[in-house]
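Student: Can you look at this prediction? I've put the sequence above it.
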Amino acid sequence: MSRLVWLGLGAVAGVVVVRRAGAALRRTTPESVADASSRFASTLGQNAAAGVGTQVRRLADAVQDFAAAVREGAAEREEMLRAALGVDVETGGLDPDEARHLLEHPTEEHGARRAG
């Protein structure tokens, strides 16, 4: 008789596990995930979605500004190095002392040195 009880409990436990596993699998299908995400988005409201779009645009603008500043700095540095190495014929190059200083101290501000 006790074997029959254990067999019954095992069968019940098996049914419960299979049903819960099936429910979990149904919740992870692409359609179910899409449905859940659309319900979540609708609870946020359109104002929140517009706020996210604004933040993304601000981030994109900041990245573009940063890239422009990097390009500008690189162009300025290239111009100084071309002048120091005498590659740029238009500027006539730098005098040897100024070129040596530029090559030995590349991170210093050099515009003030020229003016002074």
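Tutor: Perfect, thanks for sending it.

Student: Select the longest helix from this structure.
Tutor: helix 30-85 (DSSP state H).

Student: which helices and strands does that helix pack with?
Tutor: For helix 30-85, the packing partners by 3 or more C-beta pairs under 8 Å, 6 or more residues apart in numbering; DSSP states H and E come out as helix 2-27, helix 96-104. Just so you know, the C-beta spots here come from the backbone N, C-alpha and C atoms, and that holds for glycine as well.

Student: give me that answer again for 7 Å
Tutor: helix 96-104 (3 or more C-beta pairs under 7 Å, 6 or more residues apart in numbering; DSSP states H and E).

Student: low-confidence ranges in the chain?
Tutor: Low-confidence segments of the chain (pLDDT under 70): 41, 43-50, 86, 88-94, 110-116.

Student: Residue most distant from the centroid, it?
Tutor: Met1 (65.4 Å; C-alpha atoms, centre = their mean).

Student: Roughly how far does that one sit from Gly10?
Tutor: The gap separating Met1 from Gly10 is 15 Å, by C-beta to C-beta, to the nearest Å.
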